[in-house]
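Novice: Below are the sequence and a predicted model; questions follow.
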Amino acid sequence: MNTKAKTIALSILFPLATLAILATGFVFLRDTKGPQVLTAVIAIIWGVGGAALLFYTVDWLVNRLRPEIARKLQPFVFVGPALLILLWYLVLPTIRSLYLSFFDASSKNFVGLANYVFAFTDGKMLESFRNNLMWIILGTGGSVGFGLLIALLAERSRAESVFKSIIFMPMAISFVGAGIIWRFVYAYKPAGEDQIGVLNALVTFFGGEPQAWFTIAPWNNIFLIIILIWLQSGYAMVIISSALKGVPAEIIEAGRIDGAGELRVIRSIIIPYIYSTLVTVSTTIVIISLKIFDIVFTMTNGNYGTEVIASVQYKQMFRFYHYGRGSAIAIVLVLAVTPVMWYNLRQFAKQEVFK
Amino acid sequence: MKKIVIFSLIALLSIGSVFAAGTKESVPAQKTVTVFGAFVDEEARRFEEAIRPFEERTGIKVVYEGSKDFETLINVRVEGGNAPDIAGLPQPGLMANFASQGKLVPLWPSALALLEKNYAPVWKDLGSYKGVAYGVFHRVNAKSFVWYPKKAWDAAGYQVPKTWDELKALMDRMVRNGHTPWAVGIESGGATGWVGTDWIEDIMLRTAGPDVYDKWVGNEIPFNAPEVKKAFEILGDIWMNPKYVYGGRNTILTEGFGDSQRPLFDNPPKAWMHRQANFITGFFPEHIQANLEEEVGVFPLPAIDPKWGIPVLGGGDQFVVFNDRPEVREFMEYLQTWESAESWAKAGGALFPYLNQNLDAYPNAIERSLAEALVNAKVFRFDASDLMPASVGAGSFWEGIVDWVNGKSLDATLADIQKSWPK
């Protein structure tokens, strides 16, 4: 009896203490004006320790219960926090964006579908639809095409790993970093001055006029897309390359004996064999192209006819404070990405990525 | 089980101690005024320097906090019930917005008296919403200036133009001498285009006058009205002529505004004039900054229509009160005096609007002449793009300039800006 009372008391006290620690840490971190380094250290300890403590407490509580119930509840102790965070940071904001997209700039007056009408008729939005289509077709095509080509060529080379490492390296660079690097590649100075941009230095070396690459619509979109290809070819190459290793040598051998040339082998044996991998890689890059923002924002800010959906969304939301339009464009983007995402996940499932 | 009990106890104790520490902190021993503003780093340091005499005299502590994301954060903080005592708002539109929501404390009689005494009427108007004054200006900037490389300029025998016709004659003379008159660059990251909107505003004030300018700002005349179109055409006569601008349109589009003055200081100069606000001196090459008075000359952008003279275009931060306490009022009244500006003026890089300011405080003849031009201006107008709704003033107007320079027709450009005006 005494131990039972103690257990009950502890079952109440222990969770309460946990909650109190978490709440105190939160309040402290919110209000503190102390030195930043110290705050950061406390935040890390509180964040990691708090997560561990929360898990420990809930796990402890669940284990007080009868074993058969405990066994059923146990998975949720692990998955629960992740699901809650997903609900809080992803599902609820999406629903809220959907709600706000039917209201005006200040989110006060209901405006019906006006923001969606804007999203599909405004000049900048139409420009961004065209540009995003270019990003999807050229960006994905370029990345996957190069990735496939390099994977095929590298496989036939003795220095395979060296080539692959070089191509893969840009993957380590963030989109913003890549944008800054490529600003220098495309930099423009008037004729007669030293060209600090590589591209214009080459052009003038061969006697051409320096060009302000960013301002030449619609080609400037392609100059930006090249950066995506530079970044993503490595990713495509690595995945495709590993799929190539899975193509049975016997089939290729058999094809060759039957008199197929190299191109025929690639077209009729290798490509069909790695088709599902190609689809997965392509859909992943399509999603990246749809959401593309960083490269455009660091390079041109959407000026000179290079606007994309995400950059228009950012401007409406955070520069013009038009929450209605910003939300509506975000929803349009979500709707555009969802089918690709769904297809992508289905492909993953097919390849048993999740098993 | 024992372990758990001990653990709980430790946990509770630590909570208790944190709370105890927290409560100790939250009782201030000193009267404190919190100020939130848009200037950071060196500017924030100079502001803190400028308010030190106040702290020493009154014993009131002023805590200044600056952020580059001020415009976003101030909205969040005010809506979240966490407003600072005083905020320095860079745009009159922000003040009007808060005033219309009833968040601001109107200026009280003694502050109003100081406002009348120490400022030209235009500053009171800029700080008022529906006839009620809320804001007081401190650091301001003035934009209608043309900079030139003094030594080379004198050697070439060029004269400072007094009228627009003289300016045009000077430009043609430069071209005949094989010189390029202007250095222009409008690239500025997310704000690309603002240099162009400043030019248009200056020309609007000089061709259409302040009344039409005010109507334009409020969209009482549309963006494609003949007056606006005329301003663009006058600018186009300069910008679209590759003989007049170094590097032509490509350089205008791609050169960063801060670096765009550099051709002036090449030897020999690759360009001879640069129109920009007083703060551009901070971007000049170091050896030029070191000898500013000898190396650089400056004159106001000349009048175009003699009727309107030489108006000054500018901007500035206005301080407004969110929380009404005696010490907050005392600090606001301090900000209305030249005393609060003197040390910053001495440090350089800032102009102040006070009528009774001591111009000798400015560190060189150039800043002195700019401050003089600002105080004596018969017409002063706030940067129009800061007064327009953000979707125009920080959006379609900037973008319109970029598109127009990049070859879009003027009529289409102006029609598109007008179309973007929020209804």
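Specialist: Cool, got the structure. What you see is a predicted model, and the numbers here were worked out from it, not measured in a lab. Residues are numbered from 1 along each chain as shown, chains lettered A, B, ... in the order given.

Novice: which SS state does the residue of the stretch 251-400 of chain B at minimum distance from chain A fall under?
Specialist: Residue nearest to chain A within the stretch 251-400 of chain B: B:Ser391 (3.9 Å; C-beta to the nearest C-beta). No exception for glycine: its C-beta is placed from N, CA and C like everyone else's. Three-state assignment for B:Ser391 (DSSP: H, G, I helix; E, B strand; the rest coil): helix.

Novice: Tell me who's in contact with it.
Specialist: When contacts are counted by C-beta atoms under 8 Å, 6 or more residues apart in numbering or on different chains, B:Ser391 touches A:316, A:320, A:322, B:420-422.

Novice: How much space separates it from A:Val340?
Specialist: Going from B:Ser391 to A:Val340 by C-beta to C-beta, to the nearest Å gives 31 Å.

Novice: Closest to the centroid, which residue in the chain?
Specialist: You didn't say which chain, so I picked chain A. Per C-alpha atoms, centre = their mean, the C-alpha nearest to the average position across chain A is that of A:Ile288, at 5.7 Å.

Novice: Can you look at chain B instead?
Specialist: B:Gly315 (3.8 Å).

Novice: So which bits of chain A are right by chain B?
Specialist: Counting by C-beta under 8 Å from any C-beta of the partner chain, chain A comes close to chain B at A:6, A:10, A:13-14, A:17-18, A:20-21, A:24, A:27-28, A:31, A:60, A:105, A:123, A:188-190, A:211-212, A:214-215, A:217, A:297, A:301, A:303-304, A:315-316, A:318-322.

Novice: Would you list the buried entries among those?
Specialist: Among the residues of chain A next to chain B, those classed as buried by 16 or more other C-beta atoms under 10 Å in any protein chain shown are A:10, A:13-14, A:17-18, A:20-21, A:24, A:28, A:60, A:105, A:188-190, A:211-212, A:214-215, A:217, A:297, A:301, A:303-304, A:315-316, A:318-322.

Novice: so what's B:Trp338 up against?
Specialist: Counted by C-beta under 8 Å, 6+ apart, B:Trp338 has contacts B:118, B:352, B:354, B:356-358.

Novice: ugh, wrong one, B:Met204
Specialist: Listed by C-beta under 8 Å, 6+ apart, the contact set of B:Met204 reads B:212-213, B:216, B:227-228, B:231, B:384.

Novice: Could you rerun that using 10 Å?
Specialist: For B:Met204, the contact set (C-beta atoms under 10 Å, 6 or more residues apart in numbering or on different chains) comprises B:210, B:212-213, B:216-217, B:227-228, B:230-232, B:234, B:308, B:311, B:313, B:381, B:384.

Novice: and A:Val198, what is it in contact with?
Specialist: Applying C-beta under 10 Å, 6+ apart, we find A:Val198 in contact with A:182, A:184-187.

Novice: let's see it at 8 Å
Specialist: Applying C-beta under 8 Å, 6+ apart, we find A:Val198 in contact with A:184-185.

Novice: Then B:Gly248?
Specialist: A:190, B:242.

Novice: roughly how far apart are it and B:Asp403?
Specialist: Counting by C-beta to C-beta, the gap from B:Gly248 to B:Asp403 is 17 Å.

Novice: now swap in B:Leu114 and tell me
Specialist: 45 Å.

Novice: Looking at those two, which one has more neighbours?
Specialist: Shown here are B:Leu114 and B:Asp403; by other C-beta atoms under 10 Å in any protein chain shown, B:Asp403 has more neighbours (21 against 18).

Novice: Give me the domain ranges for chain B.
Specialist: B:32-142+B:313-382, B:145-310+B:388-420 (automatic domain parsing).

Novice: what sits against B:Gly400?
Specialist: Applying C-beta under 8 Å, 6+ apart, one finds that B:Gly400 lies in contact with B:193, B:413-414, B:416-417.

Novice: who wins for most neighbours among those?
Specialist: Top of the contacts of B:Gly400 by neighbour count (other C-beta under 10 Å): B:Gly193, with 27 neighbours.

Novice: Count the neighbours of the closest residue to that one other than its chain neighbours for me.
Specialist: Excluding the flanking residues, the one nearest B:Gly193 by C-beta to C-beta, 6 or more residues apart in numbering or on different chains is B:Trp398, at 3.0 Å. Per other C-beta under 10 Å, the neighbour tally for B:Trp398 reads 26.

Novice: Same check on A:Lys72?
Specialist: Applying other C-beta under 10 Å, we find 11 residues neighbouring A:Lys72.

Novice: Quick check: pLDDT value at it.
Specialist: A:Lys72 carries a pLDDT value of 85.

Novice: And it, how far from B:Pro226?
Specialist: Taken as C-beta to C-beta, the span from A:Lys72 to B:Pro226 is 77 Å.

Novice: what does B:Ala120 give?
Specialist: From B:Ala120 across to B:Pro226, the span is 31 Å (C-beta to C-beta).

Novice: and these two? which has more neighbours close in?
Specialist: B:Ala120 (16 against 10).

Novice: Low-confidence stretches in chain B?
Specialist: B:1-29 (pLDDT under 70).

Novice: and the residue of it nearest chain A?
Specialist: Closest point on chain B to chain A, by C-beta to the nearest C-beta, is B:Gly247, at 3.4 Å.

Novice: if you go through the chain in chain order, where are the strands?
Specialist: Unless you meant another one, I'm taking chain A. With DSSP state E, there are no strands along chain A.

Novice: The chain in question should be chain B.
Specialist: B:32-37, B:61-66, B:86-89, B:128-129, B:132-133, B:136-142, B:145-149, B:274-275, B:296-300, B:312-321, B:380-382.

Novice: Serialize those strands to a markdown table and add fields for distance to A:Glu262.
Specialist: Below are the strands of chain B laid out as a markdown table (distance: least, C-beta to C-beta, whole Å):
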| stretch | distance to A:Glu262 |
| --- | --- |
| strand B:32-37 | 68 |
| strand B:61-66 | 65 |
| strand B:86-89 | 69 |
| strand B:128-129 | 76 |
| strand B:132-133 | 82 |
| strand B:136-142 | 68 |
| strand B:145-149 | 65 |
| strand B:274-275 | 61 |
| strand B:296-300 | 68 |
| strand B:312-321 | 67 |
| strand B:380-382 | 70 |
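
Novice: any idea which of those is most buried?
Specialist: Of all the strands of chain B, strand B:86-89 has the most neighbours on average by mean count of other C-beta atoms under 10 Å in any protein chain shown, namely a mean of 26.

Novice: Strand partners (parallel or antiparallel) of it?
Specialist: strand B:32-37 (parallel), strand B:312-321 (antiparallel) (DSSP bridges).

Novice: which residues sit in contact with the residue of chain A found nearest chain B?
Specialist: Taking C-beta to the nearest C-beta, chain B has its nearest neighbour within chain A at A:Pro190, 3.4 Å off. Counting by C-beta under 8 Å, 6+ apart, A:Pro190 makes contact with A:210, B:246-248, B:250-251.

Novice: can you rerun that using 6 Å?
Specialist: B:247, B:251 (C-beta atoms under 6 Å, 6 or more residues apart in numbering or on different chains).

Novice: With B:Ser343 instead?
Specialist: Here B:Ser343 is in contact with B:49-50 (criterion: C-beta under 6 Å, 6+ apart).

Novice: do you know how far it is from B:Arg46?
Specialist: Taking C-beta to C-beta, one finds B:Ser343 at 8 Å from B:Arg46.

Novice: excluding its backbone neighbours, what's nearest B:Gly37?
Specialist: Sequence neighbours aside, B:Gly88 is the residue nearest to B:Gly37 in space, at 3.4 Å (criterion: C-beta to C-beta, 6+ apart).

Novice: That neighbour bridge partners, please.
Specialist: B:Phe319.

Novice: Run a quick neighbour tally on the nearest residue to B:Lys307 once chain neighbours are set aside.
Specialist: Nearest in space to B:Lys307, with sequence neighbours left out and distances taken as C-beta to C-beta, 6+ apart, is B:Gly209 at 6.9 Å. B:Gly209 has 17 neighbours, counted by other C-beta under 10 Å.

Novice: any idea how far B:Leu170 is from B:Gly209?
Specialist: 25 Å.

Novice: With that, I have no additional questions.
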